[in-house]
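Peer 1: Predicted model and sequence below, questions to follow.
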Amino acid sequence: MINIPYDQLIAMILEKKQISREELESRIKAKMNQLSGLISRVGAAHIVANELGIRLLDSMGGKLKIGKILAGMRDVETLGKVVQVFEPRAFEGKLGQGKVGSIVIADETGQIRVVLWNDMANLIDRIKTGDIVRVIGGQARQNSGQRELHLNAKSRLIINPPGESVAEVKAPEPPKRYQISELQGNEAMAEIKATIVQVFDLRFYEVCPKCMKRLQPKGEEWHCQAHGKVQPDYSYVLNMIADDGSGTIRVVCFGRSVEAISGMTREELLRVREEPGLFDETKNNLLGSIMLFRGRALRNEMFDRIEFIARQVSPVDVDREIEMLKERVEQESMANPSIPAQTTASTDTTKPTPTQPSTAPDTQTRAEAESKPQTTEQTTEESVSPIPDEQKEKPGADAEEIDDFDIDEELV
């Protein structure tokens with residue numbers, strides 16, 4: 001089934017019909033009310049499009065611009081410029097050993113991740129950033145809210161095809177920046193800037209070596225929902241508490257996000273499973289660091305709290321912070337002309353500074369972290385925590401596992 005996100009569905013209707021967004025939204029809402037809540041707004045939008053005589057999909061696949069590719073399409077052909085290359089990863093599956101890797105390609109309409117399986121993954125060694133690639137016979141899927149194009153043995157990938165070029169690449173729009181206190185727990189893609197005030201022990205869990213999904217124990221065996229009985233591999237999760245002055249939040253990193261924030265390789269992190277002390281220095285070094293976290297906010301129903309699942313972690317970019325501050329000052333000046341721009345600007349600095357501690361009395365702030373010796377005890381789960389005691393046994397255990405290779409199944 002073709003899956004068209006609501007915002008993209010609205011854009012497609014507006015592109016094909018001379019109608020204002022306000023009128024379109026009004027019609028969709030009226031249709032939902034007419035059907036007494038028995039249909040989603042996506043379904044209502046499809047009905048409205050049909051009533052307006054709009055054919056949303058010209059084809060179920062074929063040659064398409066990247067921005068036109070929708071999850072569920074098959075036999076997709078597209079052309080794009082390589083903007084990211086990820087190293088192949090080996091796995092053990094039902095059919096023996098396999099390999100999976102991925103690249104991200106883009107054109108003037110958007111970008112998409114291309115996942116290459118088995119023999120196709122060997123092509124990654126010949127691909128570099130800036131190459132032009134033509135993908136033929138891809139299957140479009142949705143993974144953690146992001147589109148992916150999967151290639152199998154029947155697909156083709158042509159590197160730098162003669163006479164082909166991509167003149168312009170559309171840069172992905174950065175996610176919206178939120179303060180922690182503004183998060184509602186339903187933000188699919190958000191960014192927060194916060195100071196790490198507490199770091200928990202690195203934890204490990206059994207995953208399928210083929211698809212990296214979490215395994216379920218059955219007696220003395222481990223089973224994957226997609227691939228049955230397997231010999232488990234391991235992945236890792238790191239829980240932290242971050243503070244941005246407006247509040248605190250538990251930040252959960254999985255897989256590559258752990259590698260990015262720790263600066264350690266997968267091999268080094270797996271050694272921590274046998275020697276936990278190897279991670280102590282990293283934990284202490286992270287305390288007081290101001291980081292940018294990109295990912296999604298969700299509500300942990302068991303503990304009734306909002307958590308942040310970080311897919312990307314990076315240090316603060318000073319130049320970008322300066323530009324964002326200038327834009328905010330200009331917006332505030334335009335919204336209230338009676339306030340001089342320099343007055344507004346005086347409330348901030350042009351460089352990121354440690355955030356002010358929140359008012360929570362039991363939260364360890366950056367200042368406290370810096371004023372105390374950087375010891376192992378400072379970062380263990382028994383240290384002062386903004387999390388109630390009854391929650392310390394399983395920090396973030398109920399958060400959803402997300403990994404850069406969180407792929408449902410192998411396409412063979």
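Peer 2: Right, received. Where do you want to start? Residues are numbered from 1 along each chain as shown.
Peer 1: which parts of the strand or helix carrying Arg250 are buried?
Peer 2: Using DSSP states H and E, Arg250 sits in strand 248-254. Within strand 248-254, the residues scored as buried using 16 or more other CB atoms under 10 Å are Thr248, Ile249, Arg250, Val251, Val252, Cys253, Phe254. (C-beta placed from N, C-alpha, C; glycine too.)
Peer 1: and the gap between Gly130 and Gln231?
Peer 2: Per CB to CB, to the nearest Å, Gly130 is found 39 Å from Gln231.
Peer 1: before we move on, what about Arg126?
Peer 2: 31 Å.
Peer 1: try Gln179
Peer 2: Here Gln179 is placed at a distance of 45 Å from Gln231 (CB to CB).
Peer 1: on that earlier part again, angle of the helix or strand just after the strand holding Arg250 against strand 248-254?
Peer 2: Where DSSP H and E defines the elements, the next helix or strand beyond strand 248-254 is helix 255-262. If you take axes from the mean of the first three to the mean of the last three CA atoms, to 10 degrees, helix 255-262 sits at 120 degrees to strand 248-254.
Peer 1: any idea how far helix 255-262 is from the chain center?
Peer 2: Taking the mean of its C-alpha atoms, helix 255-262 sits 13 Å from the chain's own mean (CA atoms, centre = their mean, to the nearest Å).
Peer 1: In CSV, list the C-alpha atoms belonging to the strand holding Arg250.
Peer 2: The C-alpha coordinates for strand 248-254 follow below in CSV (Å, rounded to 0.1, in the frame of the first residue of the first chain):
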residue,chain,number,x,y,z
THR,A,248,15.4,18.2,32.3
ILE,A,249,14.8,15.2,30.1
ARG,A,250,16.1,11.7,29.8
VAL,A,251,18.0,11.3,26.5
VAL,A,252,18.4,7.8,25.1
CYS,A,253,21.0,6.9,22.5
PHE,A,254,21.2,3.7,20.6
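Peer 1: tell me the mean pLDDT for that strand?
Peer 2: The average pLDDT for strand 248-254 rounds to 96.
Peer 1: List the contacts of Ala194.
Peer 2: Ile180, Ala242, Asp243, Asp244, Ile249, Val251, Ile290, Met291, Phe293, Thr355 (CB atoms under 8 Å, 6 or more residues apart in numbering).
Peer 1: again, but for Leu238
Peer 2: Val199, Phe200, Leu202, Arg203, Val252, Cys253, Ser257, Val258, Ile261, Ser262.
Peer 1: from these, which has minimum pLDDT?
Peer 2: Ser257 (92).
Peer 1: and the gap between Ser26 and Val48?
Peer 2: 10 Å.
Peer 1: Can you show me the helices along the stretch 201-350 of the chain?
Peer 2: 255-262, 266-274, 280-286, 318-335, 341-345 (DSSP state H, counting those that start in this stretch).
Peer 1: that's a strand at Glu77, yeah?
Peer 2: Yes - assessed with DSSP: H, G, I helix; E, B strand; the rest coil, Glu77 lies in a strand.
Peer 1: Could you find the closest non-adjacent residue to it?
Peer 2: Distances taken as CB to CB, 6 or more residues apart in numbering put Lys63 closest to Glu77, at 4.4 Å, once the chain neighbours are dropped.
Peer 1: could the contacts of Ala194 be laid out in TSV, adding distance to Ser235?
Peer 2: Formatted as TSV, those follow (distance: CB to CB, whole Å):
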residue	distance to Ser235
Ile180	26
Ala242	22
Asp243	27
Asp244	28
Ile249	22
Val251	17
Ile290	27
Met291	21
Phe293	19
Thr355	31
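Peer 1: Could you list the low-pLDDT ranges of the stretch 1-150 of the chain?
Peer 2: 1-3, 37, 57-62, 92-96, 144-145 (pLDDT under 70).
Peer 1: and the nearest residue to Ala260 once chain neighbours are set aside, how many residues sit next to it?
Peer 2: Of all residues not flanking Ala260 in the chain, Val313 sits nearest, at 4.8 Å (CB to CB, 6+ apart). By the criterion of other CB atoms under 10 Å, Val313 has 21 neighbours.
Peer 1: Ile112: which of the contacts of Leu238 is nearest?
Peer 2: Ser257 (20.7 Å; CB to CB).
Peer 1: who's in contact with that closest one?
Peer 2: Leu238, Gly295, Ala310, Arg311, Gln312, Val313 are the contacts of Ser257 under CB under 8 Å, 6+ apart.
Peer 1: how about 10 Å then?
Peer 2: Listed by CB atoms under 10 Å, 6 or more residues apart in numbering, the contact partners of Ser257 are 236-238, 251, 293-295, 309-313, 402-404.
Peer 1: May I ask which helix or strand encompasses the closest residue to Leu9 other than its chain neighbours?
Peer 2: Closest residue to Leu9 apart from its sequence neighbours, by CB to CB, 6+ apart: Ala45 at 5.0 Å. Assessed by DSSP H and E, Ala45 sits inside helix 41-51.
Peer 1: Can you work out which other helices and strands pack against that helix?
Peer 2: Where contact means 3 or more CB pairs under 10 Å, 6 or more residues apart in numbering; DSSP states H and E, helix 41-51 is packed against helix 6-16, helix 21-34.
Peer 1: follow-up on the earlier one: can the contacts of Leu238 go into a markdown table with extra columns for distance to Asp7?
Peer 2: What follows is these, written out as a markdown table (distance: CB to CB, whole Å):
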| residue | distance to Asp7 |
| --- | --- |
| Val199 | 36 |
| Phe200 | 36 |
| Leu202 | 37 |
| Arg203 | 36 |
| Val252 | 26 |
| Cys253 | 28 |
| Ser257 | 26 |
| Val258 | 31 |
| Ile261 | 30 |
| Ser262 | 35 |
